[in-house]
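[1] The sequence and its predicted three-dimensional model are supplied below.
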Amino acid sequence: MGPRGEPPRWGGARGLLAGGAGSVGVKGGYLALQLAAAILLARWLGPEDFGTFSFALAMVALLTIPAQLGFPGLLLRMVPIHLARSELGTLRGLAARSVQLVTLASVVIAAAWLLTLGPIGVRLGDMPSGPLTLAAGLIPLVALIVLAQNALVGLGRPVLGQVPGQLVRPGAFLLALFLIQAAGRITVESAILANVGASGLALAGAGWLWLRTRPPGAASPPVEGSTAGWLRDATPFLLLAGAQVIAVRTDLLMLGLLMDPEDVGKYRVAVQIADGLGMILVAFSAVIAPHLARLHATGDLRAVQRILVGSHRLGLLVLLPVSLALALGAVPLLGLIFGPEYSSAAHTMRILVLGRAAYAAIGFSGLALSMFGLASLASAATMVMAGANVGLNLLLIPPFGMTGAASATVTSTLLVNVAVVLIIKIKLGANVTAFGRTSA
């Protein structure tokens, strides 16, 4: 939003660059905090317990998706559209109903988690049930944080919207880890409880920001909309988000089921480095998503093409040299940062970081489909990627372990995103990759 009472100012190319710079800055802080927490946990817990902690969070990421019901994606697309049309009452109604439904769904899923893992002591592979049970508290908190973040981004606040989840949560978590370690030896259970507390603080901050930046007249009763219609419209985003999480977390989850927790811990440090590169692309996505939705809604397809090609080129320009440097220095880097016992994950890290660089040239295409109102098509493509990832992981993990998981993930991601690029070429008649032209 602009000043209170005014619609958001998108600012054209200058606004896009300013928002991109701010979003990258927030992501940079997030990456630093996440990396610091991962380093401390990897060293303090050791590969086996760190693997258990990582597996628990991966399960939370998976179960949070059905809890969100697809509403974060729906808000990201519809909030800027309702603002552009001055449909503020409908916007308020959608926001209110989203919070209600996501809260209900997340509590139900968290309760099911507790009933399944707690009393009967279920074990997944060699993973103990205790940490997994404690992690249930993260499900409603994370679901609502993402919901608030996407609503704020839709309001034209891409930087501010990311602060609670990207800075407050990891910052509070890191501080809690130091306090716990200072008071005694940290455990998997205490680390998860620290994450729950940090997430609660971040959610409170996100709610406060929404109250401060929501559209004018938001204190008045919202205009009622069709709950069934909103659920129907959100379903493609739910399928897309679910397929995306399966696609990016299958490797770690299946390692936990098929291999030892120690392998999961070592693999997680390699993923941590690669995810750091991926977060740069996520920062770009948060900025360009509302622009894509608005420009497509107004029929300005040439501007859509320019944004996509320019974003892909910038992403590749940033990621490629960093990926090459990380690949060359993988062994000493892992040993120095995480400890010598993690150096065996060097080849895995090389595969992942070089895969991220290749993805940067095409990776915003799935986001573009969602913002074009083609979330169902994007969901189908991502579900194919998730299925391919599962199949390749089943095939490659038993004989090759960590490197098999990394190879499966990179291969499935690139192949399906190439297909999405071809779909967009048919829709727009243009190549929107880093190698396309910026004018139709």
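    Ah, there it is. Remember, predicted model here, so these are calculated numbers, not experimental data.
[2] Closest to the mean position in this structure, which residue would that be?
    The residue lying closest to the centre of the chain (CA atoms, centre = their mean) is residue 282, at 7.3 Å.
[3] Not counting residues beside it along the chain, what's closest to it?
    residue 27 (6.6 Å; CB to CB, 6 or more residues apart in numbering). All C-beta atoms are positioned from the backbone trio N, CA, C, and that covers glycine.
[4] Residue 74 now?
    Closest residue to residue 74 apart from its sequence neighbours, by CB to CB, 6+ apart: residue 234 at 4.3 Å.
[5] Where does pLDDT dip in the stretch 251-400 of the chain?
    Within the stretch 251-400 of the chain, the segments meeting pLDDT under 70 span 375-376, 379.
[6] So which residues of it form helices?
    For the stretch 251-400 of the chain, applying DSSP state H, counting those that start in this stretch gives helices covering 261-297, 301-328, 330-337, 346-360, 365-371, 375-400.
[7] Kindly reformat those helices as CSV containing distance to residue 167.
    Converted to CSV, the helices of the stretch 251-400 of the chain look like this (distance: least, CB to CB, whole Å):
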stretch, distance to residue 167
helix 261-297, 13
helix 301-328, 21
helix 330-337, 22
helix 346-360, 22
helix 365-371, 23
helix 375-400, 28
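[8] and those helices, which is most packed in?
    Of all those, helix 365-371 carries the top mean neighbour count, a mean of 26, counting by mean count of other CB atoms under 10 Å.
[9] which residues does the residue nearest to residue 74 contact?
    69-71, 73-74 (CB atoms under 8 Å, 6 or more residues apart in numbering).
[10] Of those residues, which is the most crowded?
    Counting neighbours by other CB atoms under 10 Å, residue 71 comes out on top of those with 30 neighbours.
[11] measure it to residue 259 for me?
    35 Å (CB to CB, to the nearest Å).
[12] go on, residue 435?
    With CB to CB as the criterion, residue 435 and residue 259 are 38 Å apart.
[13] the more surrounded of those two?
    Neighbour count, other CB under 10 Å: between residue 435 and residue 259, residue 259 has more, with 21 against 12.
[14] Ramachandran coordinates for the residue nearest to that one when sequence neighbours are not counted?
    Nearest in space to residue 259, with sequence neighbours left out and distances taken as CB to CB, 6+ apart, is residue 401 at 6.2 Å. Backbone dihedrals for residue 401, given as degrees, to the nearest 10, come out at phi 60, psi -130.
[15] For stretch 245-261, list every residue counted as buried.
    Neighbour counts over stretch 245-261 (16 or more other CB atoms under 10 Å) mark 245-256, 258-261 as buried.
[16] between these, which is nearest residue 337?
    Nearest to residue 337 among the buried residues of stretch 245-261, counting by CB to CB, is residue 252 at 19.1 Å.
[17] Would you check that that closest one makes contact with residue 54?
    Yes. Here residue 252 reaches residue 54: they are 6.5 Å apart, a contact under CB atoms under 8 Å.
[18] Show the end-to-end separation of stretch 175-194, please.
    9 Å (CA to CA, to the nearest Å).
[19] Check what contacts that stretch and list those residues.
    The contact list for stretch 175-194 (CB under 8 Å, 6+ apart) reads 37, 40-41, 44-45, 49, 52-53, 56, 130-131, 134-135, 138, 173, 197-198.
[20] make it 10 Å
    Contact with stretch 175-194 is made by 33, 36-37, 40-41, 44-45, 48-57, 60, 128, 130-138, 172-174, 195-198, 201, 261, as judged by CB atoms under 10 Å, 6 or more residues apart in numbering.
[21] For residue 52, list the residues it contacts.
    By CB under 10 Å, 6+ apart, the neighbours of residue 52 are 45, 126-128, 130-132, 188-189, 191-192, 256, 261-262, 264-265.
[22] out of those, who's nearest residue 96?
    Using CB to CB, the contacts of residue 52 come closest to residue 96 at residue 192, 31.1 Å.
[23] Could you find the closest non-adjacent residue to the closest one?
    Per CB to CB, 6+ apart, closest to residue 192 is residue 134, 4.7 Å.
[24] where's residue 416 relative to residue 45, distance?
    Counting by CB to CB, the separation of residue 416 from residue 45 is 34 Å.
[25] the more surrounded of those two?
    residue 416 (24 against 20).
[26] The more buried one against residue 389, yeah?
    Yes. With contacts counted by CB atoms under 10 Å, residue 416 reaches residue 389, the gap being 8.9 Å.
[27] my guess is residue 401 contacts residue 254, does it?
    No. Residue 401 lies out of contact with residue 254 (CB under 10 Å); the separation is 11.1 Å.
[28] returning to what we had before: of all pairs in the contacts of residue 234, which one is the farthest apart?
    Checking the contacts of residue 234 with CB to CB, the most distant pair is 69 and 73, at 9.9 Å.
[29] Mutual contacts of the two, please.
    Taking CB under 10 Å, 6+ apart as the contact rule, the neighbours common to residue 69 and residue 73 are 234, 237-238, 241.
[30] how many other residues sit next to residue 147?
    Residue 147, neighbours per other CB under 10 Å, totals 27.
[31] element containing it, please.
    helix 138-154 (DSSP states H and E).
[32] burial measure for residue 227, as a count.
    Residue 227: 13 surrounding residues under other CB under 10 Å.
[33] you'd agree it is up against residue 93?
    Yes. Between residue 227 and residue 93 there is a contact at 9.4 Å, judged by CB under 10 Å.
[34] any idea what sits nearest residue 381, other than its immediate chain neighbours?
    In this structure, residue 381 finds its nearest non-sequential neighbour in residue 420, 4.9 Å apart by CB to CB, 6+ apart.
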